[in-house]
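got a predicted structure plus its sequence, pasted below:
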Amino acid sequence: MAGYIYMKILESQPGRYDRGISWLSLGQSGRAKRRIVDEHVRPGMSVLEIGAGTGTMALLAARKGARVLGFDVSNAMLKIARRKISDAKMDDRVELWEMGVSGMDKLPSASFDLVASTLVFSELSRDEQAYALREACRVLRPGGFLAIADEARPRTALKRLTHTALRLPLLLVTFALTQTSTKAVEGLEQAVAEAGFKIIRAERDSWDSFLTLAAKKEED
């Protein structure tokens, strides 16, 4: 919840987004993006990024030889992403759309090798998560991969209490500024399986509050 609220503040000042998200996630966001690209992206692949933000992962994947379509609801952040991608001369490899997950029905079926997302599913409602996962499965080619990294709700009461206590000052300030809140991802592994994927890996950090998940769409 605290992560979501803080991101809303960062989104209103997108020039600070990358630095702020790195701080908020204790560097895990950047590491997760690099890990997804290192483990799943190969030259010539077609990649869809749900919630492209300022284009950090799209640019990493493009530099590795993939073609990337990324989308995001924030026009301000997409402007930064387009500038970063243009400065890197990767315009021919990265396409960015302004839309939310509800627009995924516009994408052609079986057209991507990888669907990736970092710190986005914690912003979605349960229904939106389920819809995005079903659409991700539809647009992936058989044998394609889904990779998600996001804030997760700790599974034990003690870890939830500790996590909340550590973030309480941030939570109070950001809620006062935005009057907005949400819950971190919960039950994502089950939702991914129900969408038609086989989970390959689901790992959490030592605080049990950051989830990295990889899943595969079964071959026909």
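Everything's here; your move.

can you tell me the centre-most residue of the protein?
T118 (2.1 Å; CA atoms, centre = their mean).

what about the residue lying closest to that one once chain neighbours are set aside, which helix or strand?
Counting by CB to CB, 6 or more residues apart in numbering, T118 lies nearest to A149, which is 4.5 Å off, once chain neighbours are set aside. C-beta: built from backbone N, CA, C; applies to glycine. Assigned by DSSP states H and E, A149 falls within strand 140-151.

partner strands of that strand and their direction?
Here strand 140-151 is paired, per DSSP bridges, with strand 112-118 (parallel), strand 210-217 (antiparallel).

buried stuff in the longest one?
Right, the one you point to is strand 210-217. Neighbour-count burial for strand 210-217, counted by 16 or more other CB atoms under 10 Å, picks out F210, L211, T212, L213, A214, A215, K217.

contact partners of it?
Contact with strand 210-217 is made by 25, 28, 32, 35, 39-40, 137, 140-152, 185, 188-189, 192-193, 196-204, as judged by CB atoms under 8 Å, 6 or more residues apart in numbering.

among these, name the buried ones.
For the contacts of strand 210-217, buried by 16+ other CB under 10 Å: 25, 28, 32, 35, 40, 137, 140-141, 144-152, 185, 188-189, 192, 196-197.

the chain: helices as residue ranges?
2-12, 17-24, 28-40, 56-63, 75-87, 126-139, 157-178, 188-194 (DSSP state H).

I'd like the average pLDDT over the third one.
So that's helix 28-40. Average pLDDT, helix 28-40: 89.

just how off-centre is it within its chain?
Counting by CA atoms, centre = their mean, to the nearest Å, helix 28-40 is centred 11 Å from the centre of its parent chain.
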